[in-house]
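Visitor: fold the following.
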Amino acid sequence: MKKILLLLFLSITIFTHNAYAQWVSGDSTDSIAEGKATLLDLQKRYDENRSDCGTANRPAFLCSGVLIRVTTKSDDYKVWNPSPHSVSRGSVSFSFLRRDNKFRTFAWANPNSNGYIIYPKFQAPDKLAIDILCAYPNDSWEWYRDVPCGSSSSGDNGKYAQQGRLCSEQGINTAEQWAARWNEIADKPGYARCGFDVNQTRPGGAAAFMESLKAKKLIGSFDEWNELQAATWPQNAASELPIQAFFYTSPESLADAQANQREFYAATQNKIIVPIVNVKLPATLQDDAVFSFNAGDQSVLGQASNPLTIDMPPIIDTPVAGSVVTSPFTVSGKGIPGAIIQVMTSGGARLLGQPVADTYGNWYIENVEMTNYVPITARQLIIGRDSNWAVDREFSLNNSTCPTYIESASWTQRYDPGTGKNEWTLSVTPTTCGRAIGADKTDAAYRELVQKFNGDYQWKDNDGGGMRRQFVCHLVIARMKATWNLEPFRPNVTHDESLAAGCNPTWN
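Guide: Here you go, the predicted structure:
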């Protein structure tokens, strides 16, 4: 019997379920299989309770939970475009749903809501990055606020303008402090709530985000959704958006979800099919959100093309062909679920690793060290059989990594004419190598600065969020200056605004 089952297994075609990429024409799976895999991925992320995504500067929403946006169909714009109101303000609102962060209602249209779910940034296909700016434990009443994550000068004639600023600007850094402030406000309008700064340019964003989730629990806000504000993205960019699923909550809202699916498919250049899922929010704190996928709900279907068989080599996704990578780097791809993937340098001189493809067919090897460039290849093995080797993946190796980027730095106080008082300044002297880096090394260089100095009280107690922007600005217009003077109190502004201010932006 075992022999018969083995032969049967070898005779059928095996599909990979890639939950981390949208279905496009020519995929080796059909869109129904992709929809089922998407459902598994949503459930997996909902069940996770991680507090960060690997470092203190990577909030948990980058790799876990469900980022979900409620939408309303309009004749004036497509639901995946930022609405006219969002464009005018510069931000788009999402909620974060996870087993440890439940809510029983969406922002509107309950119980007949619909909208879409986006991939977490670290699991998204190669698409536009959706940058989360701040997190509110509950509804922020963002339509009253003057700027994203800012306060309201119009609500109650600006009565709560000070309380509505970012939490970090008010010295509110913990859930307990947030709840205490909230309990002090008698009428509790939404624009009196402060948001936790989780902008990617701010060190320590992971802890700030977890405090926002904790604060939601402290005030018993199960009846109301939380809110994450994201920076807007370009209009009519459907092909570049990391939308993982459209959703609906009731039979009455299914029709809108189906229309969104059809319109998105028609608007994308490579005919992307985003699956429709049903989302049922928990009725009580003891319940969990329920996600389901029904083939009959789908209004657009896609067939498999050249499905992956046991004789075919695995697919190598990264390094991307023709790209430039820095050692150590990650090698990743797709294969048959459960297959052993042998990844080697071309010609078989060196085995780089033997990962096992997961239930979606995904595999990866982290921290691959390479001193001298050699193309890579891979094959897969399952039940005693091995595939052909993949075509050599050609890429380039960047050997310009600096041993260290910061030679020295020291704190001093200098008079600032903008604030009219002495402000703490970190005088940074980069290494020769650090001055010569390109944009691809900016993160590594700034990371070294953060690791060495952002725990100092001069930075921690005066952080306006603009240190990284000043650092990048110096690389652009003042890299050969002997020392780079960076002031923690300065705000985070756009790159162009920072350049225009000579790397010294001020609060308006």
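
Visitor: isn't there a helix covering T201?
Guide: No: counting by DSSP: H, G, I helix; E, B strand; the rest coil, T201 falls outside a helix, being coil.

Visitor: contacts only, for it.
Guide: T201 is in contact with G465, G466, M467, R468, R469, N492, counting by Cβ atoms under 8 Å, 6 or more residues apart in numbering. (Each C-beta comes from the backbone N, C-alpha and C, glycine too.)

Visitor: I'd like to know how far L397 sits from P375.
Guide: Distance of L397 to P375, computed by Cβ to Cβ, to the nearest Å: 10 Å.

Visitor: these two: which is more packed in?
Guide: L397 (16 against 13; other Cβ atoms under 10 Å).

Visitor: off-centre distance for the one helix or strand the more buried one maps to?
Guide: If you go by DSSP states H and E, L397 is part of strand 396-398. Offset of strand 396-398 from its chain centre (Cα atoms, centre = their mean, to the nearest Å): 26 Å.

Visitor: list the helices and strands the helix or strand that comes right after that strand packs on?
Guide: With elements assigned by DSSP H and E, the helix or strand that comes after strand 396-398 is strand 406-416. Other elements packing on strand 406-416 under the criterion 3 or more Cβ pairs under 8 Å, 6 or more residues apart in numbering; DSSP states H and E are strand 421-430, helix 442-453.

Visitor: hmm, 10 Å instead?
Guide: Counting contacts by 3 or more Cβ pairs under 10 Å, 6 or more residues apart in numbering; DSSP states H and E, strand 406-416 packs against strand 421-430, helix 432-435, helix 442-453, helix 457-460, strand 484-486.

Visitor: out of the ones you listed, which is the most enclosed?
Guide: Mean neighbour count (mean count of other Cβ atoms under 10 Å) peaks for strand 484-486 among the helices and strands packed on strand 406-416, with a mean of 21.

Visitor: show me what counts as buried in the next helix or strand after it.
Guide: Going down the chain from strand 484-486, the next helix or strand is helix 495-500, by DSSP H and E. For helix 495-500, the neighbour count (16 or more other Cβ atoms under 10 Å) marks S498, L499 as buried.

Visitor: who's in contact with helix 495-500?
Guide: 466, 468-474, 476-477, 490-494, 504-505 (Cβ atoms under 10 Å, 6 or more residues apart in numbering).

Visitor: and this structure, what are its domains?
Guide: 47-233, 315-398, 406-500 (automatic domain parsing).

Visitor: okay if I get the ones you listed as a markdown table plus distance to A283?
Guide: As requested, these are exported to a markdown table (distance: least, Cβ to Cβ, whole Å):
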| stretch | distance to A283 |
| --- | --- |
| domain 47-233 | 6 |
| domain 315-398 | 30 |
| domain 406-500 | 39 |
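
Visitor: which one of these is the most hemmed in?
Guide: Comparing those by mean neighbour count (mean count of other Cβ under 10 Å), domain 47-233 comes out on top with a mean of 19.

Visitor: please enumerate the strands of the stretch 51-200 of the chain.
Guide: 66-70, 91-97, 114-118, 132-136, 196-197 (DSSP state E, counting those that start in this stretch).

Visitor: direction included, what does the second one pair up with?
Guide: In this case it means strand 91-97. Here strand 91-97 has these sheet partners by DSSP bridges: strand 66-70 (antiparallel), strand 227-231 (antiparallel).

Visitor: may I ask which helix or strand of this protein has the lowest mean pLDDT?
Guide: helix 2-11 (a mean of 31; mean pLDDT, DSSP states H and E).

Visitor: export stretch 332-350 as PDB, just CAs?
Guide: Extracted as PDB, the C-alpha positions of stretch 332-350 are listed here (Å, rounded to 0.1, in the frame of the first residue of the first chain):
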ATOM      1  CA  SER A 332      15.300  32.800  -1.100                       C
ATOM      2  CA  GLY A 333      12.800  31.200  -3.600                       C
ATOM      3  CA  LYS A 334      10.000  28.700  -4.100                       C
ATOM      4  CA  GLY A 335       9.800  25.000  -4.500                       C
ATOM      5  CA  ILE A 336       7.700  22.000  -3.700                       C
ATOM      6  CA  PRO A 337       6.300  22.100  -0.100                       C
ATOM      7  CA  GLY A 338       8.400  19.800   2.000                       C
ATOM      8  CA  ALA A 339      11.300  19.500  -0.500                       C
ATOM      9  CA  ILE A 340      14.900  19.800   0.600                       C
ATOM     10  CA  ILE A 341      16.400  22.700  -1.400                       C
ATOM     11  CA  GLN A 342      20.200  22.400  -2.100                       C
ATOM     12  CA  VAL A 343      21.700  25.800  -2.900                       C
ATOM     13  CA  MET A 344      25.200  25.800  -4.200                       C
ATOM     14  CA  THR A 345      27.700  28.100  -6.000                       C
ATOM     15  CA  SER A 346      27.800  27.400  -9.700                       C
ATOM     16  CA  GLY A 347      29.800  24.300 -10.500                       C
ATOM     17  CA  GLY A 348      29.100  22.800  -7.100                       C
ATOM     18  CA  ALA A 349      32.200  24.100  -5.300                       C
ATOM     19  CA  ARG A 350      30.300  25.200  -2.200                       C
END
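
Visitor: what's the residue nearest to the spatial centre of the chain in contact with, if anything?
Guide: Residue closest to the mean C-alpha point of the chain, counted by Cα atoms, centre = their mean, is K121 at 2.4 Å. Contacts for K121 (Cβ under 10 Å, 6+ apart) come out as 53, 58-59, 61-63, 67, 127, 129-132, 200, 242.

Visitor: what does Q22 give?
Guide: 31, 34, 38, 119, 124-125, 127, 239, 241-245, 264, 268, 270, 272-275.

Visitor: same thing but at 7 Å, please
Guide: Going by Cβ atoms under 7 Å, 6 or more residues apart in numbering, Q22 touches P125, I272, V274.

Visitor: quick one, phi psi at the closest residue to S83 other than its chain neighbours?
Guide: Computed as Cβ to Cβ, 6 or more residues apart in numbering, the closest residue to S83 that is not its neighbour in sequence is Y77, at 6.2 Å. Per-residue torsions, Y77: phi -160, psi 160 (degrees, to the nearest 10).

Visitor: wait, Y77 sits on V87?
Guide: No: with contact defined as Cβ atoms under 7 Å, Y77 does not reach V87; the gap is 9.1 Å.

Visitor: circling back: can you list the helices and strands packed on strand 406-416 in TSV and add mean pLDDT and distance to P189?
Guide: Supplementary listing: those in TSV, determined by pLDDT from 0 to 100; distance: least, Cβ to Cβ, whole Å:
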stretch	mean pLDDT	distance to P189
strand 421-430	93	33
helix 432-435	80	48
helix 442-453	90	36
helix 457-460	90	31
strand 484-486	94	37
